[in-house]
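Participant: no sequence for this one, just the structure:
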């Protein structure tokens, strides 16, 4: 009898599992459609804040994709929450790459932040970013595409050149092969170092305005004369402590902000 009960229970679990999964997917689909409908009907910043809450609920349910983050960014932008808008546009770029509509909205959101605060780069920082322009100015997707193309052609030409040498025929392909190898090495190195930077010092966005301090306490002086830094400023996380985070700001200076006021670009 016990064996029969066990087999009956096992069959029930096997049959019910796919049904439960399909119900969950249907719920997420319904939530997605509901959030999109609310977005189309929204008019005021308060309406768009409610829309953003619906999209955030989908993220909490485990739906992670570029279109969701793009819609989240749009909702937060309409709700006048620049920090969260830029954060989600940056997250969307990880999935959608250089989507023209996404790029346009991100540029616009950044321009609104620049109207509030501008950072001056040090001469050393300007020189480094100018000399290694491809590393700092080009997107990860663009660098990977160039690396993949040059790396592939390099090995094809190298194999072709070796075959020609075997048959004692000559074709001046070595300069081109060498050039492609150098380009592949440059962009491959840039990709490697960018991934290391993201792993050790993840990019982040200030989602709340606040004071950047010289230490991890409210007792420390402000880093800037203008006390408050607006939300939407893009930073790099250097160190984390209990309730404070050390960040690198766009001008290269390091300061401390409250942990609740900064969010990493990479979804945790």
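Facilitator: That came in fine, so what should we check first? This structure is a prediction, so every number in the text was calculated from the model and none was measured. Residues are numbered from 1 along each chain as shown.

Participant: any idea how far residue 52 lies from residue 174?
Facilitator: To residue 174, residue 52 is 57 Å away according to Cβ to Cβ, to the nearest Å. In this view, the C-beta of every residue, glycine as well, is placed from N, C-alpha and C.

Participant: I misspoke; the intended subject was residue 32.
Facilitator: Applying Cβ to Cβ to residue 32 and residue 174 gives a distance of 55 Å.

Participant: so which of residue 52 and residue 174 has more stuff around it?
Facilitator: Counted by other Cβ atoms under 10 Å, residue 52 and residue 174 do not tie: residue 52 has more neighbours, with 27 against 12.

Participant: looking at the more buried one now. What's its pLDDT?
Facilitator: Looking at residue 52, its pLDDT stands at 97.

Participant: show me the strands in the protein, by range?
Facilitator: Here the chain has its strands, by DSSP state E, at 203-206, 210-211, 228-229, 234-240, 244-248, 254-258, 262-264.

Participant: what residues are up against the spatially most central residue of the chain?
Facilitator: For the chain, the residue nearest the mean C-alpha position is residue 91 (3.8 Å; Cα atoms, centre = their mean). For residue 91, the contact set (Cβ atoms under 8 Å, 6 or more residues apart in numbering) comprises 69, 73, 265, 266, 267.

Participant: now render the residues you listed as a markdown table, adding pLDDT and distance to residue 195.
Facilitator: As requested, the contacts of residue 91 are exported to a markdown table (pLDDT from 0 to 100; distance: Cβ to Cβ, whole Å):
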| residue | pLDDT | distance to residue 195 |
| --- | --- | --- |
| 69 | 96 | 20 |
| 73 | 97 | 24 |
| 265 | 94 | 14 |
| 266 | 88 | 11 |
| 267 | 82 | 16 |
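
Participant: which residues touch residue 231?
Facilitator: Contacts here follow Cβ under 8 Å, 6+ apart; on that basis residue 231 touches 81, 82, 83, 84, 113, 205, 206, 207, 208, 209, 261.

Participant: leaving out the residues flanking it, which one is nearest to it?
Facilitator: Spatial nearest neighbour of residue 231, chain neighbours left out: residue 83 (3.1 Å); criterion: Cβ to Cβ, 6 or more residues apart in numbering.

Participant: tell me, how many residues neighbour that neighbour?
Facilitator: Neighbour count of residue 83, defined by other Cβ under 10 Å: 23.
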